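Colleague: Sequence and computational prediction follow.
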Amino acid sequence: MTIDFGEVHNGIKINIRNVVGQSVQNQNFDSTDRINLELNAMPGLYFVEVETSSGVTANFKILKQ
């Protein structure tokens, strides 16, 4: 999965949770405009939270098959 920010951001935090709210993957990134993530988990529905150092947060769902 690739997340494209369109511009460079600093201090990006990614948190991926399963449907019961358990954190299955956390990653931090420094200065980048694009992140390539590989979800090392069982197939199912996951919730992804992306937060920048400036406090901007985005949430989305992914379905791993």
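Modeller: That came in fine, so what should we check first?
Colleague: Just want the most central residue of the chain.
Modeller: Per C-alpha atoms, centre = their mean, the C-alpha nearest to the average position across the chain is that of residue 14, at 3.7 Å.
Colleague: ok, now which ones touch that one?
Modeller: When contacts are counted by C-beta atoms under 8 Å, 6 or more residues apart in numbering, residue 14 touches 3, 25-29, 35, 37, 48-50. (Glycine included, C-beta is placed from N, CA and C.)
Colleague: now do residue 25
Modeller: So residue 25 contacts 14-16, 37, 39-41 (C-beta under 8 Å, 6+ apart).
Colleague: related to what we said a few turns ago, please flag which of the contacts of residue 14 sit within helices.
Modeller: Nothing among those maps onto helices, per DSSP state H.
Colleague: Give the buried subset of these as a PyMOL selection command.
Modeller: To isolate the buried subset of those in PyMOL, counting by 16 or more other C-beta atoms under 10 Å, use the following:
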select buried, resi 3+25+29+35+37+48+50
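Colleague: does residue 42 sit in a helix, a strand or a coil?
Modeller: Here residue 42 is recorded as coil under DSSP: H, G, I helix; E, B strand; the rest coil.
Colleague: Now do the contacts for it.
Modeller: Residue 42 touches residue 64, counting by C-beta under 8 Å, 6+ apart.
Colleague: Ok, the one 5 residues further on next?
Modeller: Taking C-beta under 8 Å, 6+ apart, we find residue 47 in contact with 16-19, 59-61.
Colleague: 6 Å instead?
Modeller: Counting by C-beta atoms under 6 Å, 6 or more residues apart in numbering, residue 47 touches 17, 61.
Colleague: Perfect, that will be all.
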